[in-house]
Each structure stands twice: as C-alpha cells, then as structure tokens.
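In: Predicted structure and sequence below. I'll ask about it afterward.
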Amino acid sequence: MFTKKIFKNSGLKYQSFQVLLSVLITGVGLTASAHASDIVVDGGFEAAGGGNVYFAGQSIDGGSWTVTQGAIYIDTQDPWVFDGNNSANLSFANLYVPNTLSQTLTTVVGQHYLLTFFGNADTPNSFSFDENGNAVAGIPNSIDQNGFPNNTNSALFTEYSGEFVASSTTTTLDFTSTGNPPIGSPNGSVMIDDVSLAPVPEPGTIALTLTGIMGLVAGRKRLGKSA
C-alpha cells in the first residue's frame, strides 16, 4: 500500500512499473530457456533401427546421424541403454579400429555451446569427441568401464560434458571410439546415449537485463526517500 502511495505522489503509475518489472524478469527466463534448447536431432538414437549394424557412408536414422568411419551397432533396451529404447554402440561391430558417428548442425558463429551425453563401456577403449575436427575440452580420451549387468541399469552410465565456441555456421559433431578388449574376449562395447548440444546463455545479455531490473529497484527506493 505504501509503495502505491509513493507512486501516486510521484506522478508515476504503479501498474506500469509492475508490468515493466514483470517483462524484464520474464525476459531473463525466456533468454535462459531459449539458450537451453537442444539442437541435436535424435540424440537418443530412437529413430535408428535397433539391433542393426551400419557402415561408413550409411545413415542410422534417415539422415540425422551418419557413420563416417568404421561401423556402428545400435543397441536395444537390454543393459546397454541409458534412456529410451536405443543407444549407439561405437565399438561392438568393429573392434580394434576407429569407428565414428557424426551429425552436422546449424550453429551461430561466436556462440558458446554445451555438449552433454551419457557413456558406458565394459572393456578398455579409446574415445574422442570433435567439433569440426577440433577437440573439445572436458571430453575424456576413454569412456569409464562400469560394466554391464544382466538387467537394465542406467546408473552405470557416466554423464560427460564439454563446451566450445562455434567458428562456423555449420558444426559437425564426431564421436569416435576404438574398442581394445583382450584377445578372444566377446566384449568390446562403448555405448553413448542421450546426446545434446545447447547454446549457453551469453553473460552480457543476462547482465544487461538484470542491470535494468536493478535500476528500476534503485529508482523506486529513491522515490520512496523523496516521498
């Protein structure tokens, strides 16, 4: 009530201030949510044919993901899936040599992007993730060997993440792994699932919006003192 009285005495409309403040706060929320949008298509490999092997030059799901090196096996819902019905097995179909699964996306030059995915392995392996041929900090050179039980257990998957700045309007994501199990071992699985790539909120945009809100709050306090 006192705040409304201040605005009445000052000739300003309290309702207008409320609306403007609401718009600014909403703007912060919209900015954050917009930047949190995942731009990867079929990140869970659900559109792929489960139980199939795909070779270099083939798409696993009609165009989103393409095998660019070696061979990729799409696992179905056994113990080898983090979420949903499928995961991409990067080494089971082609041991001891590199196998690469790729997707090309439209990106904004200079924009920061955050990559996240879940991975698990049951044997020694080498692993890499590149964007346009560039290694991304934070991504390991091997996937944790947590093993696979006799039933589904997504807790065995480890979440990985890395951030990069796009240098082109198109960015190609490359997941590459080589299985290195003991000779004669039937295992050699390196699984990835739930891949996502999202723009990271620009600090300057959020700071500018927050500065506007703080300025309004400070102005209201000055009005209160003068009243």
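Out: Here it is on my side, so go on.
In: so how far is residue 103 from the nearest residue in space to residue 81 that is not next to it in sequence?
Out: Leaving aside its chain neighbours, residue 81 sits nearest to residue 87 (4.6 Å; criterion: Cβ to Cβ, 6 or more residues apart in numbering). All C-beta atoms are positioned from the backbone trio N, CA, C, and that covers glycine. According to Cβ to Cβ, to the nearest Å, residue 87 and residue 103 sit 15 Å apart.
In: Could you do residue 153 as well?
Out: Between residue 153 and residue 103 the computed distance is 27 Å (Cβ to Cβ).
In: Comparing residue 87 and residue 103, which residue is more hemmed in?
Out: residue 87 (30 against 23; other Cβ atoms under 10 Å).
In: how's the chain carved up into domains?
Out: With domains defined by automatic domain parsing, the chain comprises 2-35+204-226, 53-200.
In: Compare the mean pLDDT across those and name the weakest.
Out: Across those, domain 2-35+204-226 has the smallest mean pLDDT, namely a mean of 45.
In: Neighbours of residue 109, how many?
Out: A count of nearby residues for residue 109, using other Cβ under 10 Å, gives 10.
In: tell me the SS of it?
Out: coil (DSSP: H, G, I helix; E, B strand; the rest coil).
In: Touching, it and residue 132? I think so.
Out: No - counting by Cβ atoms under 8 Å, residue 109 stays clear of residue 132, with 11.5 Å between them.
In: Spit out the residues that contact the two alike.
Out: 167-168 (Cβ atoms under 8 Å, 6 or more residues apart in numbering).
In: All the strands of this structure, residue numbers only.
Out: 53-55, 66-69, 71-75, 87-89, 99-106, 112-121, 125-131, 134-135, 158-165, 170-179, 190-199 (DSSP state E).
In: Pretty sure residue 145 sits against residue 124.
Out: Yes - the criterion here is Cβ under 8 Å, and residue 145 meets it with residue 124 at 7.0 Å.
In: Now do residue 184 against residue 39, distance only.
Out: In this structure, residue 184 and residue 39 are 42 Å apart, going by Cβ to Cβ.
In: now swap in residue 95 and tell me
Out: 32 Å.
In: which of these two has more neighbours?
Out: The neighbour comparison of residue 95 against residue 39 (other Cβ under 10 Å) goes to residue 95, with 20 against 15.
In: dump the residue contacts of that one.
Out: Residue 95 touches 178-181, 188, counting by Cβ under 8 Å, 6+ apart.
In: try 10 Å
Out: 70-71, 123, 125, 178-181, 183, 185, 187-189 (Cβ atoms under 10 Å, 6 or more residues apart in numbering).
In: filter those residues to the buried ones?
Out: Neighbour counting by 16 or more other Cβ atoms under 10 Å classes 70-71, 123, 125, 178-181, 188-189 among the contacts of residue 95 as buried.
In: Among those, which one lies nearest to residue 114?
Out: residue 125 (24.0 Å; Cβ to Cβ).
In: what bridges to that closest one?
Out: residue 179 (DSSP bridges).
In: what's the distance between it and residue 59?
Out: With Cβ to Cβ as the criterion, residue 125 and residue 59 are 24 Å apart.
In: Overlap in contacts, residue 145 and residue 124.
Out: Joint contacts of residue 145 and residue 124 (Cβ under 10 Å, 6+ apart) are residue 190.
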